[in-house]
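> 3D model of this:
(chains A, B, C and D, ligands or ions: 4)
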Amino acid sequence: MPEMNMVGAINDALRHEMRKDPRVLVMGEDVGKVGGVFRVTQGLFEEFGEDRVIDTPLSEGGIIGTAIGMALYGLVPVPEIQFADFIYPAFDQIVSELAKMRYRSGGEYASKIVIRSPVGGGIRGGHYHSQSPEALFIHTAGLKVVCPSNPYDAKGLLLASIRDPDPVLFFEPKRVYRAAKGDVPEGDYTVELGKAAVTRPGKHVTVIAWGAMLYEALAAADEAAKQGVECEVLDLRTLWPVDIDAIVASVKKTGRVVVVHEAPKTCGFGAELVALINEKAFVHLEAPPIRVAGFDTPFPYSLEMEYLPLAHRILPAVLDTARF
Amino acid sequence: MPEMNMVGAINDALRHEMRKDPRVLVMGEDVGKVGGVFRVTQGLFEEFGEDRVIDTPLSEGGIIGTAIGMALYGLVPVPEIQFADFIYPAFDQIVSELAKMRYRSGGEYASKIVIRSPVGGGIRGGHYHSQSPEALFIHTAGLKVVCPSNPYDAKGLLLASIRDPDPVLFFEPKRVYRAAKGDVPEGDYTVELGKAAVTRPGKHVTVIAWGAMLYEALAAADEAAKQGVECEVLDLRTLWPVDIDAIVASVKKTGRVVVVHEAPKTCGFGAELVALINEKAFVHLEAPPIRVAGFDTPFPYSLEMEYLPLAHRILPAVLDTARF
Amino acid sequence: MVATVTPLRTLDAPLADERVVALYKHMVLARALDERLVHLQKEGKLASHLSAIGEEATIFGGIAALREQDWVFHYGREAGGALFRGMPLASYLSHVFGSSGDGGKGRQMPGTFASRAARFASASAPIGTQITHAVGFAWAAKLKKDDVVALSCFGEGATSSGDFHTGLNFAGVFKAPVVFLCRNNGWAISVPAERQTAASSFWLKGIAYGVPGVAVDGNDLFAVHKAVAAAVQRAARGEGATLIEATTSRKTDPVARVKEHLEARHLWSEKDDAEHASRVRAELDVALALAQSEPLPPRESMFDDVYRSVPWHLHEEREELQKCPK
Amino acid sequence: MVATVTPLRTLDAPLADERVVALYKHMVLARALDERLVHLQKEGKLASHLSAIGEEATIFGGIAALREQDWVFHYGREAGGALFRGMPLASYLSHVFGSSGDGGKGRQMPGTFASRAARFASASAPIGTQITHAVGFAWAAKLKKDDVVALSCFGEGATSSGDFHTGLNFAGVFKAPVVFLCRNNGWAISVPAERQTAASSFWLKGIAYGVPGVAVDGNDLFAVHKAVAAAVQRAARGEGATLIEATTSRKTDPVARVKEHLEARHLWSEKDDAEHASRVRAELDVALALAQSEPLPPRESMFDDVYRSVPWHLHEEREELQKCPK
Ligand SMILES: Cc1ncc(C[n+]2csc(CCOP(=O)(O)OP(=O)(O)O)c2C)c(N)n1
Ligand SMILES: Cc1ncc(C[n+]2csc(CCOP(=O)(O)OP(=O)(O)O)c2C)c(N)n1
Ligand SMILES: [Mg+2]
Ligand SMILES: [Mg+2]
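Ligands and ions are numbered 1, 2, ... in the order given. Below you'll find the model as predicted:
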């Protein structure tokens, strides 16, 4: 099995599925000859040509709006939004149109597309190259939201996302695009949507994370272990619909929860997880579930490493929770 | 004190402030001669003329984008978005520009506008005339979010919102635009932002609501009282920054919480409230805080009264919580 | 790229006589239907209704110019056209009353229907959003080398939306086989067309996108038909999109105009008209009574179609609802 | 509304000789600064840099045509113009390095600065958003009867954005005193201008909005100046907006072109040039060293300016951060 980074694994998934399924196409700004600003689509233009790897005008609303139309025709577009921060011009098309197409037509029509977009901070991008907008889409009924943390999952989840009948937002943690490496099988396999992974088993505190913050959670868990606190680290992988069974099983064991995410804390997905845990496992809770998240400010440029919920901020939360 | 409905009270607030402060202006689709589709701006065009009551082209992005520019010049625009469901074409301008203007310029610039928009269901509007998108804006650092439930608060909160230095989303529960009536003082007064009201005191269960659902919470509380359960009903009024002290004080007393809102449950503001209550009052909780909310579907047309978290859905939640 | 203006009236349009008669009959049906629904709305029996009264020539002229394989991306006022293209009247009325017979399962406001039978896409309320869908759809057909054209319908108010800009821009760049039919009735609710643009007309907006613009009299069935037919042919030849501005006015009745045309050519008589009107009346009486007596969709159906299969959280929410008193 | 094309080269532009010399000096500074920052970026000492190399004539031609009371809504490549209009070099460099001296408190990427001193609005990264701000700002000035014009700068890629459409549309309808300066350098990252539009040029997009369009040679300081100056005057006279397309090319060096002009008129010599270059070098050495040695903003500052005063939840988050090890 070849070792790949995230960029390579996602590229491999796209290439694999485009070879297999002629309906699949890639579109977006700079996805063509140049292979995307992060080079995720590199080589696809050469292999599949300009009808399946399409450089578009600079309009995210146009990318998603026309992709919805293409999907209605029966193609399976995989549009790229260059940075998730630039998804907002397409917000109306995503929440008003894409998410509601199947429902409002009583199942007569569906618009199946996979929107790929890099998320997260730590690359010195400031306000507009660092955001993690997953909560906005989780709040919108009709969408699925995925965020892999490693190359194996990235490929397997992307293939599963493209084959899934529903629209998927596929968020790629750009901070670990090249840093996260691992063995990736050649050829076909999928990682089922809606299933979390127990990345590190433990019995004292459940730490829930995804994407680039998973590594911070693991680092904090290592430190906590030195102080006698064993964390069970869950990598959600699919954010919505979330793997509630995996979460409840872990919380039943530990009774203590820390949720980690980069997006601002308030009304972030962490709030939903805390609320769900209350609804499903209240009697098992021995401490209040707490959130270590991005602060409720725009994403800052110079102070990004202070802003992000890195291991040094997760660790005290874990220890406090363990000792509550 | 004259009795007014919500429409009249908001109209009165706009007229009052426009007379007092020449910087204030109203803009939007159909806000001019016709006075808005809900007649909230009726008569303003006649009194203040077309330079201060401006009918715009059909572009929400343009309304908010130009309002931001006007505010940079020193005016205080109060744009109307005809239905909150149509705020999404302006989403990029609101979250990327309006919310971040002060922060990104280090306080050198600020863009103070108040966006008024009717929210909520129950008027047979279906998907696109019924939504309650508050959570999206609460998640966005830099915005304040207000939602009055009655005429007195509507006028006082709108005057406070216009005078507040920060951008405010002022959501008006259209279901009770005319149904909610009450005495409204003539002339000047404000209702402080960030302060909830205890609409009904009680000791067994805290019910948190706002806007049109407040009346459903009160109706459920009446029924619960007949069964010996006394609800303390909080009307949040300002959703963000929320009156955390009022919430914690009530939860300390009751130990039991039901949050009610029209927006879909998942990642709604209810989740944030549950998470905050966990963080601030966990040891006082005697039951899991639960949410009675819109279901996680697009807002349906025919079944809207089944979709909404009306009293008949709140009551069992209150009783279950009381008896947990 | 040259913007062309077609003559405002073309009586020699290549529409076969029988087809004009069929169109006229449907225009009469559409008018009667609108009148009935407007009335029901005034009586409070219908939440809302998007009427097409006075705009039938544009709607039917556009529809009549399509080939069977072509698609329509509408926005709410085109029901008459859908009936002409094969949507059953009963389906449309079930939609209007949001009842269990609605293909859309009662989930959307009257007017925003979908019909695969009529090759009508799913409309929504936000103005303009369907424009980019039409472009993507037509572009996909082109990529697949299918001979399919999409007709994108919208009002002049929609030209101010971002989707109009982006839709025309993408259509220009990718030469998508799409026809943009802008129905300029002079108003967006209370806002006059002069408030939508400082340009002297809407058709010339095509210039900004390398898309030819055409102006027609929107009260003239034949003029609209001719312009749309030419645009469909152009699109099918691989030459790309056309923007057509059809200006409607209250000064003449577009339905009466077709009647005059038919009568002048002895293809229709007062007697035919009276007979047709009474047939339509009878048909509507029955269909409306039926639709109004249909039950609403069952409340459990609320949780279907959010996703293709119902995920755990919607299962739970359905159970919560089922436990509730009705 | 008529679209006009100005002659491509106008040596008789009404720019006083001293002003041309001053502009040239700043163009040289801007070029040197760009070269240094590009270099620092390549060395990894700077996260990113938006260079204006080759586009100085458009930037300075536009800026030079403004009156003191006019404002600039820029998008990231106009730093040279801001320095010319009075932004201190030190402030700009503090911004670039995100240090404590930055007026923006180190919160944004290099390039997206703001400067009240230079009457430059606050730029952001999303393409196009500043266009509607410029329109609203100019419109507000008009409503207040102030004689203020806004210059809205953007690249040709931005013409595909919804904000371009909406900004030009509102400017047309409300006759806002705004000048749209579209810098067409042929590329949006890797996407060529032909992929942005099927129209033959960008200036003619003004037609869609009742806004006159003008094309100029963007490598010619004088041509750009003349076109923008005329547009500013037109706006100030209450006649509304103008869209100017300034096409830049790599074929000539716009800075060298001004130098040739000055030398031909004996206003500048090789010796002057050498002296100026070494002054600029020295100034940049000092300023860059200073900016790079500045500390970052204190971490507590992260919670200021989200709102005018710090609300309870940000107080708590600040305390949480303060408890954390650095
Ligand atoms: C994005 C959006 N904003 C506002 C509305 C409210 N609205 C419904 S119809 C309408 C006017 C539409 O005018 P036009 O496009 O000319 O179509 P017409 O109704 O004249 O056929 C408006 C503003 C909407 N549906 N969508
Ligand atoms: C809304 C949005 N989408 C994508 C980007 C990423 N991006 C940054 S610069 C750029 C190209 C801009 O091209 P142009 O407008 O021609 O300006 P130029 O860089 O040529 O000066 C793109 C796509 C962005 N900043 N904003
Ligand atoms: Mg209209
Ligand atoms: Mg460019």
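> For the rest of this, base every contact and every neighbour count on C-alpha atoms.
Noted.
> Spatially nearest residue to A:Ile54 (excluding sequence neighbours)?
A:Met27 (4.5 Å; Cα to Cα, 6 or more residues apart in numbering or on different chains).
> can I assume that neighbour is in contact with A:Thr56?
Yes - counting by Cα atoms under 8 Å, A:Met27 does reach A:Thr56; the two are 6.7 Å apart.
> how does chain A divide into domains?
Per automatic domain parsing, the structural domains of chain A span A:3-183, A:197-322.
> Which of those sits closest to D:Gly162?
Smallest distance to D:Gly162 across these (Cα to Cα): 7.4 Å, for domain A:3-183.
> Is there proximity between that closest one and ligand 2?
Yes - counting by Cα under 6 Å from any ligand atom, ligand 2 has neighbours in domain A:3-183: A:Leu58, A:Phe86.
> Does ligand 1 have contacts with that domain?
No - for domain A:3-183, no contact with ligand 1 is found by Cα under 6 Å from any ligand atom; the gap never falls below 8.9 Å.
> still on that earlier bit, secondary structure of the residue nearest to A:Ile54: a strand, I assume?
Yes - A:Met27: assigned to a strand according to DSSP: H, G, I helix; E, B strand; the rest coil.
> Tell me, how many residues neighbour it?
Using other Cα atoms under 10 Å in any protein chain shown, A:Met27 has 24 other residues around it.
> related to what we said a few turns ago, possible to save the domains of chain A as JSON lines with mean pLDDT and distance to D:Val232?
Formatted as JSON lines, the domains of chain A follow (pLDDT from 0 to 100; distance: least, Cα to Cα, whole Å):
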{"stretch": "domain A:3-183", "mean pLDDT": "98", "distance to D:Val232": "28"}
{"stretch": "domain A:197-322", "mean pLDDT": "98", "distance to D:Val232": "35"}
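> Just send those back as JSON lines, with distance to D:Ala199 too.
Putting the domains of chain A into JSON lines (distance: least, Cα to Cα, whole Å) gives the following:
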{"stretch": "domain A:3-183", "distance to D:Ala199": "13"}
{"stretch": "domain A:197-322", "distance to D:Ala199": "38"}
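> Can you tell me how far the most centrally placed residue in chain A is from A:Lys174?
When Cα atoms, centre = their mean is applied to chain A, the residue found nearest the centroid is A:Cys147 (1.8 Å). Counting by Cα to Cα, to the nearest Å, the gap from A:Cys147 to A:Lys174 is 11 Å.
> Over to C:Gln69?
Counting by Cα to Cα, the gap from C:Gln69 to A:Lys174 is 44 Å.
> Between those two, tell me which one has more neighbours.
Counted by other Cα under 10 Å, C:Gln69 and A:Lys174 do not tie: A:Lys174 has more neighbours, with 25 against 12.
> and the more buried one, what does it touch?
Neighbouring residues of A:Lys174 by Cα atoms under 8 Å, 6 or more residues apart in numbering or on different chains: A:Pro118, A:Val119, A:Gly120, A:Gly121, A:Ile123, A:Ala212.
> Buried members of the residues you listed into ChimeraX, please.
In ChimeraX, a selection of the buried entries from these looks like this (16 or more other Cα atoms under 10 Å in any protein chain shown):
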select /A:118,119,120,121,212
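> taking the contacts of A:Lys174 one by one, which sit in helices?
Among those, no member falls in helices (DSSP state H).
> SS state for the residue of the stretch 151-300 of chain A found nearest chain C?
Closest residue of the stretch 151-300 of chain A to chain C, Cα to the nearest Cα: A:Asp166 (6.1 Å). Following three-state DSSP, A:Asp166 is assigned to coil.
> which bits of the stretch 101-250 of chain C sit near chain B?
For the stretch 101-250 of chain C, the contact set with chain B under Cα under 8 Å from any Cα of the partner chain comprises C:106-109, C:124-126, C:157-158, C:160-162, C:188-191, C:195-197.
> how much space between the residue of the stretch 151-300 of chain A closest to chain C and C:Arg308?
For A:Asp166 relative to C:Arg308 (Cα to Cα), the value is 7 Å.
> More neighbours: which of the two?
A:Asp166 (24 against 15).
> For C:Gly111, give me its contacts.
C:Gly111 is in contact with C:His49, C:Leu50, C:Tyr75, C:Gly76, C:Arg77, C:Ala79, C:His95, C:Val96, counting by Cα under 8 Å, 6+ apart.
> tell me which parts of the stretch 101-250 of chain C are close to ligand 1?
C:Ala125, C:Pro126, C:Ile127, C:Phe154, C:Gly155, C:Glu156, C:Gly157, C:Ala158, C:Asn185, C:Trp187, C:Ala188, C:Ile189.
> The third one: neighbouring residues, count only.
To tie it back to what came earlier, the one meant is C:Ile127. As a burial measure, C:Ile127 scores 23 neighbours (other Cα under 10 Å).
> For it, give me its contacts.
C:Tyr75, C:Ala158, C:Ser161.
> go on, the last one?
The contact partners of C:Ile189, by Cα under 8 Å, 6+ apart, come to B:Asp30.
> so A:Leu218, which of the three states?
helix.
> does it really touch A:Val233, like I thought?
Yes - between A:Leu218 and A:Val233 there is a contact under Cα under 8 Å: 6.9 Å.
> Break chain C down into its structural domains.
Here the domain parsing of chain C from automatic domain parsing is C:10-295, C:299-326.
> sorry, back to before: closest one to ligand 2 out of the contacts of C:Ile127, please.
Nearest to ligand 2 among the contacts of C:Ile127: C:Ser161, at 16.6 Å, using Cα to the nearest ligand atom.
> Apart from its chain neighbours, what residue comes closest to the closest one?
Per Cα to Cα, 6+ apart, closest to C:Ser161 is B:Ser59, 5.2 Å.
> I'd like the distance between that neighbour and C:His133.
B:Ser59 is 18 Å from C:His133, by Cα to Cα.
> before we move on, what about C:Pro192?
Distance of C:Pro192 to C:His133, computed by Cα to Cα: 27 Å.
> remind me, longest helix of chain C?
Longest helix in chain C, counting by DSSP H: helix C:17-42.
> ok, which stretches of chain C are helices?
Under DSSP H, chain C gives helices at C:17-42, C:56-64, C:79-84, C:89-96, C:129-143, C:162-174, C:221-236, C:254-264, C:270-293, C:312-323.
> Quick check: mean pLDDT of the longest one?
Helix C:17-42 comes out with an average pLDDT of 97.
> again, but for the second one
Averaged across helix C:56-64, the pLDDT comes to 98.
> Report the inter-axis angle for that helix versus helix C:221-236.
Here the directions of helix C:56-64 and helix C:221-236 differ by 30 degrees (axes from the mean of the first three to the mean of the last three Cα atoms, to 10 degrees).
> Could I get the contacting residues of A:Met27?
Here A:Met27 is in contact with A:Arg52, A:Val53, A:Ile54, A:Asp55, A:Thr56, A:Ile63, A:Pro77, A:Val78, A:Pro79, A:Glu80 (criterion: Cα under 8 Å, 6+ apart).
> Next: A:Val260.
A:Val207, A:Ile208, A:Ala209, A:Trp210, A:Met213, A:Ala217, A:Gly270, A:Arg291, A:Val292, A:Ala293, A:Pro309, A:Ile314.
> hmm, 10 Å instead?
Each residue near A:Val260 by Cα atoms under 10 Å, 6 or more residues apart in numbering or on different chains is listed here: A:207-210, A:213-214, A:216-217, A:269-270, A:290-294, A:308-311, A:313-314.
> Among the residues you listed, name the ones in helices.
If you go by DSSP H, the contacts of A:Val260 have A:Met213, A:Leu214, A:Glu216, A:Ala217, A:Phe269, A:Gly270, A:Ala311, A:Arg313, A:Ile314 in helices.
> and for A:Cys147 and A:Lys174, which residues touch both?
A:Ser117, A:Pro118, A:Val119, A:Gly211, A:Ala212.
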